[in-house]
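S.K.: Predicted model and sequence follow; I will ask about them next.
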Amino acid sequence: MSVIRLERRAAPSRFWSVATPILAVALTMIAGGVMFALLGKDPVAAIRTIFWDPLFNTQFAAYSRPQLLVKAGPLILIAIGLSLGFRAGVWNIGAEGQYIIGAICGAAVGLAFYPADLWIVFPLMVIAGALGGWAWAMIPGLLRTRFNTNEILVSLLLVYVAEQILASMALGLLRNPEGGGFPGSRNLQQYAAASNPELIAGTGMHWGVVAAFIAVIFAYVLLTRHITGFHIRLAGQSPRAARFAGVNPARLVLLCLGVSGALAGMAGLFEVTGPAGQISIDFNVGYGFTAIIVAFLGRLHPVGILLAGLLMALTYIGGELAQFMLGLPAAAIQAFQGMLLFFLLAVDVMTNYRIRFGRGAAT
Amino acid sequence: MNLGAIDPVLLIASLMVAATPIILAALGELVVEKSGVLNLGVEGMMITGAICGFAVAVETGSPVLGFVLAAMGGAALALIFALLTQYLLSNQVATGLALTLFGLGISAMIGQAYRGVKPPATAKLNLGPLGDIPVLGRMVFSHDWVVYFALVLVAGVWAFLKYTRGGLILRAVGENHDAAHALGYKVVRIRLAAIAFGGACAGMGGAYVSLVRVPQWTDGMTAGAGWIALAIVVFASWRAGRVLLGAYLFGGISVLQLNLQAAGVPVPVEILSMSPFVVTIIVLVFISARQKGAAVAPAALGRIFHASS
């Protein structure tokens, strides 16, 4: 018997389930500081530039603050969808691909209407974006339910396929006919009926952020008040009990993948019509993967994901600022975000286990 | 279009090169999964190995030393995964993903200084008379040592799992960790060793991409090879010999599509570039449909082991 033992808690600790994400962020700041110091940067200045300056530095805050919602919107929207699946033990890790396909489908519908100035265009694009992401997620979903194919691998492999489709669209079908042969579609921001503008000036609020907030509320109600939410939680905690409760596993897989795919597709659509503006080869920037960190950092809870999405958006903006101000490499921020997930998973042990010191049986 | 430019001898020779990183990574993951652990961080360990190997080979001028350090780098990253999943009982899927995200970031960070640098060449082995055999010599016996090392490793892993006591214990741990624990086997320690081995293999596979296959450094250059390796373990039904088959199949497709691109076949480049991934998915579907019902995967795969006493 070892000196340090883990003892399973009868029920997850409520205190630690709130405290672990905070502890993980603190540990990441320390480890990240060490990493920045190794890169020859002042660790305190780097941490301050990432976490403080975007919000409170008088020089940058005016630009940075609205960016917070712009970056958090897609992260939250995608992470909410993923969290439902993760709770049920359905692992969709290909949100990046669903995001791309959603953007392509939505943009294609908008461009088909160009230059008609109809109010219906944008809603149709949102629906097309959601359907695109949904359909792309249905591939691993149906393969899983029909042929028992691992959805983790298929959803991830489809990201590479989606990236090729994106390249093909940017260079071919969706290329701007008036773009002088340059790759990339028309700029949707300049097509009023299809654009997703800032709704309140200076806040960064666009329709994607609104959708993200609605998704948070919807997921909260679903998980706490609805039988489907109960089934999702049950299937994750005890698949056997779920079967006795009459949960249809195949339907649950399709539901979780479908919802997360549709939300990721919508996130892609809101991005391509708003902040990104056009379909281009490098349209996707990894939101689909970062959203996985957001989902876990938010402890798969809708409100937690909301806060985690904002924090993760802050590391993106602060990272850009640190790149600009301190010459911190962009990759350092990616490593920093990965580190955060490590620490989170490491300290999460406190939620489900009690740590006992000393030998012998504890009371 | 000029299909005549595709030389079948060269095609098979480059197939063996293309398959080598996949063989190494998939073989490592096979051992890990046989011990009952699912490490989805193969891509992260490969890319870390790729940059470690590249940096060391450039600094010391010795590719061999590069491969050794790549294996150590991959194993070091794998040990983070081991610490989290085996001692802190974290979810293996999430931890594996974290490994990949972290690996991609840290490798790009180290790699900044090595963009555009040319690594020292890994010499071809001189196999004497074997290399002089017409056709076959050029096809099979004119590669660098890593290609043959990977093949030897396949045989080694196969023999270890099938014939040795250690292999039997490893499989027992992977099938039923509670029973193995009750018999007195150190489940956590055995898994730790398996995970480190998997990391070392993936690291070497990554270094093969950056030192031989490409050879130069670009961010995220393993480009999904780690995920393909994971798929090939499933394709191989957790058998070492079939890993070879799967890797050659995948290597063949990726080399063929590159050759077709070069030959100017009237198929969009994007279709050709996505073909290795599409084929991998299709093969996965066939295999999983056939395996349905039959328990081929190690029974304890991905389950958390916590000895309560």
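M.R.: Done, it's in. Numbering: from 1, shown residues only, chains lettered A, B, ... in the order given.

S.K.: What residues does the stretch 1-150 of chain A have near chain B?
M.R.: Within the stretch 1-150 of chain A, the positions near chain B by CB under 8 Å from any CB of the partner chain are A:6, A:8, A:39, A:86, A:91, A:93, A:143, A:146-150. C-beta here means a position set from N, CA and C on the backbone, and glycine is covered the same way.

S.K.: Neighbour-wise, give me the winner out of the residues you listed.
M.R.: Counting by other CB atoms under 10 Å in any protein chain shown, A:I93 has the largest number of neighbours within these, with 28 neighbours.

S.K.: if I pick it, what's in contact with it?
M.R.: Contact partners of A:I93, counting by CB atoms under 8 Å, 6 or more residues apart in numbering or on different chains, are A:152, A:155-156, A:289, A:292, B:97.

S.K.: export the residues you listed to TSV and tack on pLDDT and distance to B:V187?
M.R.: Formatted as TSV, the entries for the contacts of A:I93 read as follows, by pLDDT from 0 to 100; distance: CB to CB, whole Å:
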residue	pLDDT	distance to B:V187
A:I152	90	24
A:S155	94	30
A:L156	92	29
A:F289	91	32
A:I292	92	28
B:L97	89	24
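
S.K.: Centre of the chain to stretch B:20-30, how far?
M.R.: Its chain's C-alpha centre and that of stretch B:20-30 lie 3 Å apart, by CA atoms, centre = their mean, to the nearest Å.

S.K.: how far away is A:S260 from chain B?
M.R.: 15 Å (CB to the nearest CB, to the nearest Å).

S.K.: sorry, back to before: farthest-separated two in the contacts of A:I93?
M.R.: Set against one another by CB to CB, the contacts of A:I93 have their most distant pair in A:I152 and A:F289, with a gap of 13.4 Å.

S.K.: Let's see which of the residues of the stretch 1-150 of chain A next to chain B end up in helices.
M.R.: A:86, A:143, A:146-147 (DSSP state H).

S.K.: For A:S260, state which of the residues you listed is nearest.
M.R.: A:F86 (9.1 Å).

S.K.: show me the contacts for that closest one.
M.R.: For A:F86, the set of contacting residues under the criterion of CB under 8 Å, 6+ apart consists of A:236, A:295-296, A:300, B:94.

S.K.: so which of those residues is the most crowded?
M.R.: If you rank the contacts of A:F86 by neighbour count (other CB under 10 Å), A:A295 sits at the top with 30 neighbours.

S.K.: Return the distance of that residue relative to A:L263.
M.R.: 12 Å (CB to CB, to the nearest Å).

S.K.: again with A:F270
M.R.: From A:F270 over to A:L263 the distance is 11 Å, taken as CB to CB.

S.K.: The two: who's more crowded?
M.R.: A:L263 (33 against 29).

S.K.: That one touches A:I80, doesn't it?
M.R.: Yes - counting by CB atoms under 8 Å, A:L263 does reach A:I80; the two are 6.3 Å apart.

S.K.: Which neighbours do the two have in common?
M.R.: Shared contacts of A:L263 and A:I80 (CB under 8 Å, 6+ apart): A:A215.

S.K.: neighbours of A:Q98, just the number please.
M.R.: 38.
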